[in-house]
Structure formats: C-alpha cells, structure tokens
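A.B. asks: from the sequence below, what's the structure:
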Amino acid sequence: MFNARCSALVLCVLLAGLAACQSEPPREASEVVEASIQVNQLGYPPQAVKEATVPAGFGDTFEVVEQGSGRTAYSGALSAAERWPHSGESVRRADFSELTQPGHYRLRVPGLEESRAFLIDGSVYASLNDAAVKAYYFNRASMALEEERAGVYARALGHPDEQVEIHRSAASAERPEGTTLASPRGWYDAGDYNKYIVNSGISTYTLLAAYEHFPRYYQGRELNIPESGDAVPDLLNEVMWNLSWMLTMQDPNDGGVYHKLTTKRFSDKVMPDQATAQRYFVKKGTAAALNFAAVMAVASRVYADYDTAYPDFSDIARTAAVAAWEWAKANPEVIYRNPEDIHTGEYGDEEFHDEFAWAAAELYLTTGEPKYWEAIAPTPVENRVPNWADSSGLAWLSLAEHRASLPEAAQALVAERVKSLGDELYHEWRRSAAGVPMRAEDFVWGSNGVAMNSAMMLIAAYRLTDNENYLAAAQSLMDYVLGRNPTGYSYVTGYGAKTPMHIHHRPSAADGIEAPVPGFLAGGPHSGQQDAGDCPVAYPSDKPAKSYLDHWCSYASNEVTINWNAPLIYVSGALQVLYEED
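C.D. replies: Sure, this is the predicted structure:
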C-alpha cells in the first residue's frame, strides 16, 4: 500500500503540482469540522474577485500573508456577520480582490488557524481543467488503460460490448428480442458501469460547447491519451470516444434511439473486467432521441473542421441528428420507465418541451433550415440552469454563441433571456451571506453540478454583456467547489489540501489504490440523504450545505458522473481564457 500511495502521489504531482496533491489524511465521515477559514484551495486568477468565508465571532480584520515568509501582503476589514441558513452558521467575508501579485498565500484572522495555502496565478485552473478532461479517459469503456497513460490507475479492458442483446422493451421486427449487436466505446456514466444516452446528452454537449466557445484554449493541449499527438485537440479526441458509441445506439431502421445500454442490476464493487453480466439495449424514448439529435447536430458543426482525421463524420452526425429528430416528431410522448426486470439508473423524464427546443435550436444552427427555427417556438421557452432533465438552458447557450447569425428580433430575445438568468444568479450571490449563489433547493443530488452549471450560465451572460458582475458570481461558484464551503472539502479529487478520498466510483473503490482517480467532481452536499440507511456512519449535519459524506456508501453525495465533470471543464477553461483577455 505504501508503494501505491507513493505512485498515486507522483501521478497527481505530474497532473496538478505538489500543492494540489498534499491531501490531508481522510477523516471519519461523521467528524464535526471545527470553525475554520474557507478559501479556494487551488487559488484565484490575479484579476478575479477574491473572497474567503470566515466564521463570525473571532475578529474584525484579516491579513493575507505570504506562504513561507509570513510577510503581510494585504490586510482588510471583514464584512458584517450574517447567518447563512444553508449551513446554519454566522459568517463574514474577507475580500482581497486588490491583491494581484502572483504567489503562495494564506489568510489569517485573530483567534483562528491560518487558512489552507492557495495560489494567486494566471494559470491556476489549467492543470485542473486537464485532469477533469482526462477523467473521461479513466472512465472509458471497451479499452484497457495502459500504464504509460494511466499510471497506477492502469486496468484491464472491461465491457467490450460486442454482444449486447436487444431487450424485449426495445424489440422490433427488424431487431427482435435477443438479437446481439456491437455497441463498444463510450464512457461509464458515473460510479456504475452502464451507459445512458440522456446523461451522455448534456455531458457531451457541454464538452463540445467548451470547445466551440473557446477553441484556441483547447488546441494543442496534450493529455497523454491514446490519440495525443494527432492533429485534433485532445478534448475532441476524448469526446469522439463517446460520440462513436452514441451512434451505435440509433436504430438505422427508423432513427429511434435506445435509452440506455445496461446490465439488469448494478454490478458489485469490482473492476470493469470483473463485471461481466449480460448487457442490453433497453427501450427507445423521446428524451433519448432528442438528446441524441441535439448532440449530433453540434458534433456535425464542431467536427466539420476535422474531416481529415474523422472522414465524413460531420455528414454522418448531421444525418443521424435529422433521423432522430424525425423519430421524435413521430413519437413525441414516449416516456422512459425501467422495465420490471431492469434496476439500474432510470433517467426518467415526463416532459419534453425543453428537449424539443434544444434539439431544434441545434439543428437550426447546423442546417440553417427555417423549419427548425419554427420548431423552437422560442418565446415561451424559459432559460434555466440546465440539468439532465431540463435542457432548455442549453438551447439559449447555443443561440447566444451564434447570436449574430440570428434574425434581429431573435437576437434581442436571446440577449434578454441570457441576461435575465444572469441577473437572477448575480442577485442571489449578492444576497448570500457566504457569497455563494446557491439556494436551499439547489442542494439536490449533484449539487456541485448545479453550482458549475450555474457558473456556466453566468459566463454566458458575461460574454454577452461584458458585465463583470456575472464573472465575479461565476468565480464565487468555482471558489465554492474548490473549498470555500462549510465542509472544508475541495470537491475535485486530487485538487486541494482536503479532497474526497472515498468517492462512489467502482474503479476507484476496487483498484486497491488509496487515492481515487484524480480530476472527478464529487456530487456534493445533498440534504435528501437517500443513502443514509445504507451508510455505516451518519451524515455530519442535516443542513443543506453540510450534508456530505466522504464515504463509498454515499451515492447521494459522493458519487461522480460525467455530467457534473462537464461544466467543471467548461467553467475552468472559460475562466482561464476570460481572465487572460482582461
């Protein structure tokens, strides 16, 4: 175990730098966290708004001191004490935005231990972004991970998916029950080993959007994946691994798309090559078809520039998108529910207006055909923070990116919708005692995904208006997931002084290595605590922002998924680019 720990640390250092990898020993999940200064444990870009959260009752002033020398680099007064209801604590804020000198720092407040160390640096999120992208490589199905690329996380090939059966719920005249087909590649969805189209939809879209919106940032970034060194950015190489799987989920006979590829039950806590139960294509559905159509339309746009590396893919994706759209139009209310013998993730959804709007928007932007603009029917479509079940915000995100190509009246509508959501999130940030635009209802399953998707929508508002208030609010959410929160965790594995060590992720739990795979965003505090009955330790609190367990048992707060990592990638890359442009 000593050698495994050392090897994991070496890999982490290579990915993130020593400061990001010096994690504290894991605590018992039920341990009460004492009052402490909360900072972004990676750090802050020089131009960013820089805030820390301080428990009330200790002092009125703060200092930022240089790590090592102890020299005071900045001092200031704390804000007035306010109660943050989501943690049940009275807190104050330390604003040191005026400190722009790069370096290693800590924050001091009389009566409290110094904060954890943090950086001020222009590239502070670059290694985080790389690791969050490479986490998808570590979650690839249908290939072995070789030591030269995966280090201590090398593993045998799992789930070749060359003999996937048609489940009776998916059977058709052309593909009767029991037919076997190949459906390799793709990413494991989360802590389990199944592959789901609906969740792949928002995940793959967000990664494609990160590239489409900030292409120069990702060009030339090498991640040591099998495709590295070719003429395609590694982000797009990684996304292609999933897109090529998604194409196999479409029935060429009618254009419909199977909802998921799955075993009948979740596997045990074993490595991929040991999870060998039969896998199935399960039921077509409207949500799956529309997610597929939207993603393939975006992919057609993005990969048009890489036809040499991926011949004809742009045309193939466009054709597939149109076929899926036509199936959904002919089958507009096919709700997915698990058949009685299937007991894996459902990703059920009963309302499809948002998916229709999103798919229509992407098809319009890709094809230019007026019928798709008419199908959007944009006026009643709301702009909300997106999640896998509500994709309306993704339509507005893409329309905002391509706003200049829209009719003039549509441009005004897009600007109004994007700015309105940005204002809502900004004002929530300003109202928050802790300086975090999170409401009680945001602490759901995957609350850290809510935080990052909120930041993504704030960045859209900033790019549309150049109003730095939106960028500041987005930065506060990055601070939150990287340690400026009442649990004291930086929620990205391997990135921060105190990071999750026991994520609900089968490879990380079964590989015999103490440190989990780096670069994954844990789900985060979730006051529902649906897993409490399955856990040998209690949650430390029932307060929404403190309801988190760093324990394998906690699938409700400590699982990782591809759809939470995707906005972390979008936001960390966007902040790197936008601060460099200032």
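
A.B. asks: what stretches of this protein score poorly on pLDDT?
C.D. replies: Low-confidence segments of the chain, defined by pLDDT under 70, span residues 1-34, 582.

A.B. asks: show me which helix runs longest in it.
C.D. replies: Looking only at the chain and at elements set by DSSP state H, the helix with the highest residue count is helix 408-431.

A.B. asks: report the buried residues of the helix or strand that contains Ile459.
C.D. replies: In this structure, Ile459 is located in helix 447-465 according to DSSP states H and E. Residues of helix 447-465 classed as buried by neighbour count (16 or more other Cβ atoms under 10 Å): 447-464. For every residue, glycine as well, the C-beta is placed using N, CA and C.

A.B. asks: ditto for stretch 248-265
C.D. replies: Using 16+ other Cβ under 10 Å as the test for burial, stretch 248-265 gives 248-251, 254-264.

A.B. asks: repeat that for stretch 271-283.
C.D. replies: Burial within stretch 271-283, assessed by neighbour count using 16+ other Cβ under 10 Å, is assigned to 271-272, 275, 279-283.

A.B. asks: now these as TSV including secondary structure and distance to Asn291?
C.D. replies: TSV is the format used below for the buried residues of stretch 271-283 (DSSP: H, G, I helix; E, B strand; the rest coil; distance: Cβ to Cβ, whole Å):
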residue	secondary structure	distance to Asn291
Met271	coil	29
Pro272	helix	25
Ala275	coil	25
Arg279	coil	20
Tyr280	strand	19
Phe281	strand	16
Val282	strand	15
Lys283	strand	14
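
A.B. asks: with distance to Met438 added, can I get those residues in TSV?
C.D. replies: Putting the buried residues of stretch 271-283 into TSV (distance: Cβ to Cβ, whole Å) gives the following:
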residue	distance to Met438
Met271	36
Pro272	34
Ala275	35
Arg279	37
Tyr280	38
Phe281	38
Val282	35
Lys283	35
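
A.B. asks: which one of these is nearest to Ser300?
C.D. replies: Within those, distances to Ser300 taken as Cβ to Cβ reach their minimum at Phe281, with 24.0 Å.

A.B. asks: that older thread, relative to the whole chain's centre, how far out is the helix holding Ile459?
C.D. replies: Using Cα atoms, centre = their mean, to the nearest Å, the mean C-alpha position of helix 447-465 is found 12 Å from that of the whole chain.

A.B. asks: in PDB, could you pull the C-alpha coordinates for that helix?
C.D. replies: What follows is the C-alpha trace of helix 447-465 in PDB, where atoms were taken according to Å, rounded to 0.1, in the frame of the first residue of the first chain:
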ATOM      1  CA  SER A 447     -25.400  20.000  -6.100                       C
ATOM      2  CA  ASN A 448     -21.900  20.600  -7.300                       C
ATOM      3  CA  GLY A 449     -23.100  20.100 -10.800                       C
ATOM      4  CA  VAL A 450     -25.800  22.700 -10.100                       C
ATOM      5  CA  ALA A 451     -23.000  25.100  -9.000                       C
ATOM      6  CA  MET A 452     -21.000  24.500 -12.100                       C
ATOM      7  CA  ASN A 453     -23.900  24.700 -14.500                       C
ATOM      8  CA  SER A 454     -24.900  28.000 -12.800                       C
ATOM      9  CA  ALA A 455     -21.400  29.300 -13.300                       C
ATOM     10  CA  MET A 456     -21.600  28.300 -17.000                       C
ATOM     11  CA  MET A 457     -24.800  30.300 -17.400                       C
ATOM     12  CA  LEU A 458     -23.200  33.300 -15.600                       C
ATOM     13  CA  ILE A 459     -20.300  33.100 -18.000                       C
ATOM     14  CA  ALA A 460     -22.700  33.200 -20.900                       C
ATOM     15  CA  ALA A 461     -24.200  36.400 -19.500                       C
ATOM     16  CA  TYR A 462     -20.800  37.900 -19.100                       C
ATOM     17  CA  ARG A 463     -19.700  37.100 -22.700                       C
ATOM     18  CA  LEU A 464     -22.900  38.700 -24.000                       C
ATOM     19  CA  THR A 465     -22.700  41.900 -21.900                       C
END
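
A.B. asks: quick one, it and helix 408-431 angle?
C.D. replies: Angle between the axes of helix 447-465 and helix 408-431 is 130 degrees (criterion: axes from the mean of the first three to the mean of the last three Cα atoms, to 10 degrees).

A.B. asks: and for this structure, the residue most distant from the center?
C.D. replies: Most distant residue from the mean C-alpha position of the chain: Ala173, 38.7 Å away (Cα atoms, centre = their mean).

A.B. asks: related to what we said a few turns ago, closest to Tyr217 among the buried residues of stretch 271-283?
C.D. replies: Distances from these to Tyr217 were compared by Cβ to Cβ; the smallest belongs to Pro272, at 31.4 Å.
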